[in-house]
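here is a sequence together with a model predicted from it:
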Amino acid sequence: MSKTLVIAEKPSVAQDIVRALTPVAGKFDKHEDFFENERYVVTSAVGHLVEIQAPEQYDVKRGKWSFAHLPVIPPHFDLKPVDKTKSRLNAVVKQARRKDVTALVNACDAGREGELIFRLIEQYAGGAKADGKGLGKPVRRLWLQSMTPQAIREGFDRLRSDAQMQGLADAARSRSEADWLVGINGTRAMTAFNSRDGGFFLTTVGRVQTPTLSIVVEREEQIRKFVSRDYWEVHAVFQAEAGQYPGKWFDPAWKKAGAPPLPSGEPDPEQRADRLWNAAAAQAIAEAVRGRPASVTEESKPTTQASGLLFDLTSLQREANSRFGFSAKTTLALAQSLYERHKALTYPRTDSRALPEDYLPVVHDTMKMLAGSGMAHLAPFARQAIDQHYVKPTKRVFDNAKVSDHFAIIPTLQAPSGLSDAEQRLYDFVVRRFLAVFFPSAEFQVTTRISTVETPAGRHSFRSDGKVLVKPGWMAIYGKEAEGEDGDKDGKRLVPVRPGEQVRTESAEARGLKTRPPARYSEATLLGAMEGAGKLVDDDELREAMQEKGLGTPATRAAIIEGLLTEKYMLREGRELIPTAKAFQLMTLLRGLGVEELSKAELTGEWEHKLAQMEKGALSREAFMREIARMTEHIVKKAKEYDRDTVPGDYATLAAPCPNCGGVVKENYRRYACAGPKGAGQDACGFSFTKSPAGRTFEIAEAEALVRDKHIGPLEGFRSKAGWPFVAEIRLVYAEDEKNWKLEFDFGDDDKDPAETGEIVDFSGQPRLGPCPKCGAGVFEFGSNYVCEHAVPTPAQAVPSCDFKTGKVILQQPVDEAQVRKLLAEGRTDLLDKFVSMRTRRSFKAFLVWNKDEGKVTFEFEPRESKFPPRKTAGGFAAKKAAAAPAAKKAAAKAPATTPAKAAAKAPRKAAAGGGLKPSAALAAVIGDAPVLRTEATKKLWDYIKAKGLQDPNDKRSIRADAALQAVFGKPSATMFEIAGILGKHLA
């Protein structure tokens, strides 16, 4: 009988589909990677399983990143499995190729990425044909915006045809291939340009990454160019019959549109109605009004404030960054864990802040779950929402038009347990917002009071604002209560003034202040800027195209920010994101080469506009890709044909003089160079050094320090020609043959080891850090190391007798004196967290410890807790056993000695344990045939499983058997919890 294969994007969706289809299509049998009944086979991807790549003959390896091999525009793209999900891809492909599977249903998420995920899997299953055609089996599309069982069944009743989805499929492929072409060629062209003088200076660019960086750089440029100005405010205190209240002077005739412009003619953004730019004028107002009567007019009106909308991923990341300081990456990881592991939140990678219109019953059930949960701080609000019938079908919450691939992030029907502190905080955060969106608006009484003082010189107005919370509504969920008559908790309540009452100006003072530059971006504000990037686009059509998109997607924005940090385009200081010299250099290059479109949000807007046309059938895929190819060729050509010595830009002048002639040192695109005594280039002595030695760009302050002090470091972030990171000091060394100074790396003078040269080292006057763990002599700082005083020639001992030495920087981790003292005194340092693996280039945490056996300092890693909590039964048993231990010891002390008969009865077990247990033939094929203890057998079996990579990458608790293990398990797979029982059957 022929069957239809349904491919969902995530395992959870596959389970939802099975539950929905069971009443109408019959019961499904559950297998390891799929569900099956007489009509359907249901399986799932786990996001992207396949990615595009250039065919081998068109690919350019990094060693050949030169203009000679660019641009790379392959006539078609090959496919390759995503490494992390190969096993899942193989499982899906196996089902797709079954002979009894005669049709496919694309049940991936309803959007462009969901379409691409399915199309690439189907193409790969069909042999990854260059024409993009897959298996040749008919395909239909399940289009869901709601995951209720009824919505799923209705979706299967109205499946869309493959032809209906062709426009979306073309747009999905085109976006993916265009990103590849621009990213790969742009990165290789800019890298080739920056590596012209030798070395390898990786310069990555991308359609989303570079405009995001541009936003941060432009803000930093505004901050650097900002000139702070003095201004004054006049603050007064007025005495009424009921008490005092404050007021601030303002000009009631001031209008933003009519504010005086800057000397350049541009509007002055610093102008305000309450600012005075002259100290004398401010002081004159204060003196004129002090002690005088004032008439009062005021307007008081009620206002309401609704809660924020439900969270999508970007708004959750922004608010979690502001509230808890979580990075976007951390928030995504926590939300993903709450979704995948704890089943406590709905799918987090969403850009929607609304729910489907048929989700009202689900929300009611969720409220009931929360009301009955053990969360004492939130359950009463859920009960209140149920009792007061707050959950209603409002368009603000339930709106199909505002639901895209996924709906808003809300709690599921499962109350979580065993959450980490960070997970609990984020879960509470989402639950509060979920509750708040159904609660009534908060109600305030807002008062605006104008106090007018008549003086001989004229009339002066002062404004006072009051805001009183009358009914907290949803704010009660966040701990806000209505303020009582004597509240004034936030200083927002104004004392009452009778109609017609005159008040007295009790005091008045002029306060001098300074204008402040715009704030640097935090992750929260940068995520907001990425989401709203379309607002910066002038073209109406492009702005409209970006309205729903912005830069990147909710699922990719965190990765974009992390990528910019990893590539050292930005640094994170506290919550601020600060662009580096490398970032400014990239922006200067793009502007100078005339390919500034790579740094503009308009590029995304243009693509989104054309992809939307393609989805509607108004633009062909071929025409769009031809335009992308032309753009790629243009970018490469601009970089390749640029023949000037430098790139025009806004460059710095160093304060430190040229070390060779005392002239002015100026920055250009590639170097810092002497520009002569007057800085005009005349009489320049030729002194210069590269801005980016070994792929790391100097910050201006670092270049300043190097010229001033002739050395700097150790600095991190250098890369060898092979791409490996390293740490080094940099020095300016005088070269006699050139009669000038040149830049050199200093690796701690390892090549001039005093133990070899015989040069005497004097440690007198230096602090002793502790005893050498090898010989007991003193350890001191020396060059880029900490060494034993007996490891180098000293006045007391000319011939070294020890070889103890440990670096001041180990795998990019600085090791300060305090940590060395601890290492020498206690045998280990604190846990250090900035080591970077030479092999994987990933950061890791470790202790440095003295390893007596190896005679050197080595790493020790902190013990990791198991991802899976112990079963309650085991925990309970262990607790009982621990509690019973003292009593057992006491009883044993009183008990008579074991009789020979009892001892004899126990002897066989002891003998068997001592001599080991004999493995069966099947088990012996895996762990060997030597007698083993049960614990040894378990360890050997696990060593075999790990060596063969047999753990399921998607569920580490599951072991997939190879031929040898299948004979042991008696089935294709087993869980880790079954192994003990299985081994017992094979040990005699």
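Looks like it came in fine.

identify the residues contacting the strand or helix carrying residue 513?
Following DSSP states H and E, the helix or strand that holds residue 513 is strand 502-514. Residues from elsewhere that reach strand 502-514 (C-beta atoms under 8 Å, 6 or more residues apart in numbering): 228-240, 244, 276, 279, 282-283, 285-287, 289-296, 451, 453, 497. Where you see a C-beta, it was placed from the backbone N, CA and C, and this is true even at glycine.

do the same with stretch 279-296
For stretch 279-296, using C-beta under 8 Å, 6+ apart, the contacting residues are 230, 232-234, 236, 238, 240, 249, 276, 449-457, 460, 462, 497, 501-505, 507-510, 512.

show me just the buried residues among those.
232-234, 236, 238, 240, 249, 276, 449-451, 453, 460, 462, 497, 503, 505, 508, 510 (16 or more other C-beta atoms under 10 Å).

which ones among these map onto strands?
232-234, 236, 238, 240, 249, 449-451, 453, 460, 462, 503, 505, 508, 510 (DSSP state E).

pick out the residue nearest the middle of the chain.
residue 329 (2.5 Å; C-alpha atoms, centre = their mean).

wasn't that one part of a strand?
No - assigned with DSSP: H, G, I helix; E, B strand; the rest coil, residue 329 falls outside any strand and is helix.

numbering from 22 from now on, please.
From this message on, residue numbering opens at 22, which makes the last subject residue 350.

least trustworthy helix or strand in the protein by mean pLDDT?
When the helices and strands of the chain are scored by mean pLDDT, DSSP states H and E, helix 921-936 comes last with a mean of 38.

tell me what the next helix-or-strand element following that one is packed against?
Next along the chain after helix 921-936, taking DSSP H and E as the criterion, comes helix 942-948. Under the contact definition 3 or more C-beta pairs under 8 Å, 6 or more residues apart in numbering; DSSP states H and E, helix 942-948 sits against helix 955-969, helix 984-990, helix 1000-1007.

just put those helices in TSV and tack on mean neighbour count and mean pLDDT.
Listed next are those as TSV, based on neighbours: other C-beta atoms under 10 Å; pLDDT from 0 to 100:
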stretch	mean neighbour count	mean pLDDT
helix 955-969	15	78
helix 984-990	17	84
helix 1000-1007	15	78
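
dump the ones you listed into CSV; add distance to residue 497 as well.
Below are the helices and strands packed on helix 942-948 laid out as CSV (distance: least, C-beta to C-beta, whole Å):
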stretch, distance to residue 497
helix 955-969, 53
helix 984-990, 56
helix 1000-1007, 52
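
nearest to residue 544, out of those helices?
Smallest distance to residue 544 across these (C-beta to C-beta): 37.0 Å, for helix 955-969.

next, the angle helix 1000-1007 makes with that closest one.
With axes from the mean of the first three to the mean of the last three C-alpha atoms, to 10 degrees defining the directions, helix 955-969 sits at 110 degrees from helix 1000-1007.

so which residues make contact with helix 955-969?
With C-beta under 8 Å, 6+ apart, helix 955-969 has contacts from 937-938, 940, 944, 947-949, 953, 972, 980, 983, 986, 1000-1001, 1004-1005, 1008.

same deal with stretch 817-827?
Identification of contacts with stretch 817-827 by C-beta under 8 Å, 6+ apart yields 776, 779, 781, 793-796, 798, 800, 806-814, 836, 841, 844, 869, 878.

right, I'll call it a day here.
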